[in-house]
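Engineer: Model the structure of this input:
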Amino acid sequence: MALLYPRPSLEQLPRFPLSAESVQTLTSAADFRHTLLQLIATARQRIYLTALYLQEDDAGREIMAALKAARQANPQLDIRVLVDRHRAERGLIGAAKQAGNAGWYRACSEADPAGAIPVYGVPVQTRELFGVLHLKGFVLDDTVLYSGASLNDVYLQRHDKYRHDRYHLLHSRELADAMVNLLRQCLLSSPAVHRLDQSDCPPTRSLRREIRLLRKQLTLSRYDLSHAATHHFGLAVTPLVGIGRNNQLNRHLLELLATAREQVIICTPYFNFPKAVTREINRLILRGVKVDIIVGDKTANDFFIPPQESFKVIGALPYLYEVNLRRFAKRHRSALLRQQLKLHLWQDGGNSYHLKGIWVDERFHLITGNNLNPRAFSLDLENALLIHDPQGELVAQKRRELDNIHRHTRPILQHRELETVRQYPESVRKLLTRLSRVRIDRLLYRIL
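Structural biologist: This is a model prediction of the structure:
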């Protein structure tokens, strides 16, 4: 039997009370898209969309058109879109040099100045390589639609393919207010944050001092929980935010793992845990706690390039993650054999996998866009919603969501079921061998 560990800090966190009826779990990218468009159309007070990017493609144009229609129907509607500035000012990885989505935002505003949708570029570092805006959560009136997804064709399943994520609706004015207030006070008020849809937006290189000051201030930022309950023992939610090493979100995430008693379920798209997370998982296994890890097959990784297509360096990442997974499985082969540790690989045709989150003992549930990798733990601005569910009111929703996820997973019973480097395409094999010799692969694990 697993040992019982006290939960002092998590139990004492302020939280906003919820009812089971105020929480809804969506299970598909198509549902996510339809729900988002419906919420935009029916919003009466505010729409705050925060994402890594809003892409210039069919889905992005559909979202932009929906925002303009909402503004036209209600000119007093407070609409703000926040995206990572660096990501907005470049093209897709591996593509030819482009103006990026920022050029599209400006074109939209110039074509319709009266109905312009303000799109703010948030630079949390002077270079994208060293940190991006990875906050999640769309606030529409008093509803929070939380997902790790960005806004483009594949995340919204605008055409045939989809990138599977997690999608949750929480109806809570207190939570919505807290999330909007953080955006207003910490980001929108910063001299480093400017509207990308305006032609007078200053270049990033001229904002280095302001960006450094913003990052310093963000390390001290918290959601305002001054009006939250401190002695509520029912269903509730605590929003968490963090940037840089040893931040609040990281600490509570590690504590969540450390205090598990019976079972932990982890979803991550990139099998590249920070050392601190790996350490806690190892301790869970030693304590006899059941651990389930659901990760995407390398072919379901958003960086995967089919062997018949032209190879690019970024295409080696899915193979690096599989190397990590194989090592982990080999190290814990006895736990796999006795099924205390279970590894699940997700794959659904040509679709991709982007799920993140942690369930603990059917009591705690961490909804997050955090990839649980070194980059998320030290570079990017991240957030999460910690659901407290002491009475198990959301257990049925959890099981439906997991059943839906497992429809496309297969178990890994031993490390030999995963390919070795020798079995990879020649271009991948040669690159990984070179990287390993000079140990650059370790650097890549930290920053990608």
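
Engineer: A70 touches I40, doesn't it?
Structural biologist: Yes - in this structure, A70 is within contact of I40 by Cβ atoms under 8 Å, at 5.4 Å. Placement of C-beta: from N, CA and C, glycine included.

Engineer: Give me the common contacts of those two.
Structural biologist: Counting by Cβ atoms under 8 Å, 6 or more residues apart in numbering, the contacts common to A70 and I40 are I47.

Engineer: Just the strands from the stretch 251-400 of the chain, written as ranges.
Structural biologist: Using DSSP state E, counting those that start in this stretch, the strands assigned to the stretch 251-400 of the chain run over residues 263-268, 290-296, 341-346, 352-353, 357-360, 364-368, 382-388.

Engineer: Nearest to Q414, out of the ones you listed?
Structural biologist: Each of the strands of the stretch 251-400 of the chain has some distance to Q414 by Cβ to Cβ; the shortest is strand 341-346, at 9.6 Å.

Engineer: Show me what counts as buried in the closest one.
Structural biologist: Judged by neighbour count using 16 or more other Cβ atoms under 10 Å, the buried positions of strand 341-346 are L341, K342, L343, H344, L345, W346.

Engineer: Give the full set of residues in contact with the residue most central in space within the chain.
Structural biologist: For the chain, the residue whose C-alpha lies nearest the mean C-alpha position (Cα atoms, centre = their mean) is G369; its distance is 1.8 Å. Remark: with contacts taken as Cβ under 8 Å, 6+ apart, G369 is in contact with H134, L135, K136, S147, G148, K356, E382, N383, A384.

Engineer: Now render the strands of the stretch 251-400 of the chain as JSON lines, adding distance to P17.
Structural biologist: Formatted as JSON lines, the entries for the strands of the stretch 251-400 of the chain read as follows, by distance: least, Cβ to Cβ, whole Å:
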{"stretch": "strand 263-268", "distance to P17": "25"}
{"stretch": "strand 290-296", "distance to P17": "29"}
{"stretch": "strand 341-346", "distance to P17": "33"}
{"stretch": "strand 352-353", "distance to P17": "33"}
{"stretch": "strand 357-360", "distance to P17": "20"}
{"stretch": "strand 364-368", "distance to P17": "15"}
{"stretch": "strand 382-388", "distance to P17": "9"}
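
Engineer: With distance to P191 and mean pLDDT added, can I get these in a markdown table?
Structural biologist: Formatted as a markdown table, the entries for the strands of the stretch 251-400 of the chain read as follows, by distance: least, Cβ to Cβ, whole Å; pLDDT from 0 to 100:
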| stretch | distance to P191 | mean pLDDT |
| --- | --- | --- |
| strand 263-268 | 35 | 98 |
| strand 290-296 | 39 | 98 |
| strand 341-346 | 43 | 98 |
| strand 352-353 | 37 | 98 |
| strand 357-360 | 35 | 98 |
| strand 364-368 | 29 | 98 |
| strand 382-388 | 22 | 98 |
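
Engineer: any idea how far Y270 is from the nearest residue to H232 once chain neighbours are set aside?
Structural biologist: With Cβ to Cβ, 6 or more residues apart in numbering as the measure, P17 is the residue that lies nearest to H232, at 5.2 Å, once sequence neighbours are left out. Relative to Y270, P17 is positioned 34 Å away (Cβ to Cβ, to the nearest Å).

Engineer: Next: L187.
Structural biologist: The span separating L187 from Y270 equals 26 Å under the rule Cβ to Cβ.

Engineer: can you give me the helices for the stretch 251-400 of the chain?
Structural biologist: Residue ranges of the helices in the stretch 251-400 of the chain, as given by DSSP state H, counting those that start in this stretch, are 275-287, 317-331, 333-337, 374-378, 395-406.

Engineer: what residues does the third one touch?
Structural biologist: Pointing back at helix 333-337 there. By Cβ under 8 Å, 6+ apart, helix 333-337 touches I285, V291, A329, L341, K342, L343, I412, L413, Q414, H415.

Engineer: out of those, who's nearest R212?
Structural biologist: Comparing the contacts of helix 333-337 against R212 with Cβ to Cβ places V291 closest, at 39.5 Å.

Engineer: That closest one pairs with what?
Structural biologist: In this entry, V291 is beta-bridged to V264, L341, by DSSP bridges.

Engineer: What number of residues are in the vicinity of it?
Structural biologist: Using other Cβ atoms under 10 Å as the criterion, V291 is surrounded by 20 other residues.

Engineer: tell me the average confidence for the helix or strand hosting R61?
Structural biologist: Take DSSP states H and E as the rule and R61 turns out to sit in helix 58-73. Helix 58-73 shows a mean pLDDT of 97.
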